[in-house]
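>>> Need the 3D shape of this:
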Amino acid sequence: MLLPPAEAPSLRDLSFAVLDLETTGGMPKGSWNRHDRYLPAAEITEVGVVCLAGLVVQERWESLCAIEGPLPQSIQRLTGITLPMLALAPAWERVALELAARLEGRIWVAHHAPFDGAFLKAQLPEGLWKRHALLCTRRLAQALVPEATSRSLANLGQLLGLHNRCPHRALPDAEVTADLLQLLIERAEERGITSDSFLEIGQVHWEKVN
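Got it, this is the predicted structure:
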């Protein structure tokens, strides 16, 4: 007897890990510039994660991360994170173990996912990131918030009435991204968009993340 095809889970049946990273710069890998000067990889200074089951927040978690290199003054001014704050922070290896436990089995979500994804790809075991999908709320907003003139997190928050209590810190940015994801899911449901289509719209493929 032929069995009917299994129905795709609804968006509210999916589990998400919405995350944000603060870093010392924009390059997750070291490289040589055209003047034969080696530019070391940027380091992660802070991680924030909001775990969701559908629209329901299950957990919020954040951690500062110790670094080995410099922390540019421009980054300190932008984020408010300073070297004294990082002096007693745990090493990345310890943070990564706690982070991995929260990411396991969930769809990973970030607002500018190619950026955060590049650092996760460089700093987490390949076996971990390879078995998880990565979604970008910026891409989803392009399809589901056509009235937005800019798809920055700040502009979308202002347009949609989302409050960010401390921009450019990892957990507050992750929280407002989670709020945005919830609204995007509701808009997708209103339009009859299936979970498979939703994931296809927002997915960032790992092979394209550098």
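>>> in this protein, which segments are predicted with low confidence?
Within the chain, the stretches with pLDDT under 70 are 1-7.
>>> now the closest residue to residue 55 other than its chain neighbours, what's its secondary structure?
Once flanking residues are discounted, residue 55 sits nearest to residue 182: 5.0 Å by C-beta to C-beta, 6 or more residues apart in numbering. All C-beta spots, glycine's among them, are computed from the backbone N, C-alpha and C. Using DSSP: H, G, I helix; E, B strand; the rest coil, the structure places residue 182 in helix.
>>> how far away is residue 182 from residue 132?
Residue 182 is 20 Å from residue 132, where distance means C-beta to C-beta, to the nearest Å.
>>> quick one: contacts for residue 188?
Residue 188 is in contact with 11, 144, 197, 198, counting by C-beta atoms under 8 Å, 6 or more residues apart in numbering.
>>> how about 7 Å then?
Going by C-beta atoms under 7 Å, 6 or more residues apart in numbering, residue 188 touches 11, 144, 198.
>>> If you drop the residues flanking it in sequence, what lies closest to residue 27?
residue 42 (5.2 Å).
>>> For the one you found, which residues are in contact?
Contact analysis of residue 42 by C-beta under 7 Å, 6+ apart lists 23, 24, 25, 26, 27, 28.
>>> ok, so what distance separates it from residue 24?
5 Å.
>>> Run a quick neighbour tally on the residue nearest to residue 55.
Residue 182 has 18 neighbours, counted by other C-beta atoms under 10 Å.
>>> what does residue 38 give?
Residues near residue 38, counting by other C-beta under 10 Å: 8.
>>> which residue packs closest to it, ignoring adjacent ones?
Nearest non-adjacent residue to residue 38 (C-beta to C-beta, 6+ apart): residue 32, at 5.5 Å.
>>> could you measure the one you found against residue 39, distance?
According to C-beta to C-beta, residue 32 and residue 39 sit 7 Å apart.
>>> Neighbour count for these two, which is higher?
The residue with more neighbours, out of residue 32 and residue 39, is residue 39; 12 against 9, by other C-beta under 10 Å.
>>> my read: that one touches residue 29, true?
No - using C-beta atoms under 7 Å, residue 39 is not in contact with residue 29; the gap is 9.6 Å.
>>> wait, what's in contact with residue 25?
Contacts of residue 25 were listed using C-beta under 7 Å, 6+ apart, and they are 42, 72.
>>> what is the residue nearest the centre of the chain paired to in the beta sheet?
Centroid check for the chain by C-alpha atoms, centre = their mean gives residue 110 as the closest residue, at 2.6 Å. Note on residue 110: beta-bridge partners by DSSP bridges are residue 136.
>>> Touching, it and residue 119? I think so.
No - using C-beta under 7 Å, residue 110 is not in contact with residue 119, being 9.9 Å away.
>>> Just the CA coordinates for the helix or strand harbouring residue 18, please, in CSV.
Secondary structure from DSSP states H and E places residue 18 in strand 15-23. The C-alpha trace of strand 15-23 is given here as CSV (Å, rounded to 0.1, in the frame of the first residue of the first chain):
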residue,chain,number,x,y,z
SER,A,15,13.3,25.4,16.2
PHE,A,16,15.6,28.3,15.7
ALA,A,17,18.7,29.7,17.2
VAL,A,18,18.9,33.4,16.5
LEU,A,19,22.4,34.7,17.0
ASP,A,20,24.6,37.8,16.8
LEU,A,21,28.3,38.1,17.0
GLU,A,22,30.4,41.1,17.9
THR,A,23,34.0,41.0,16.6
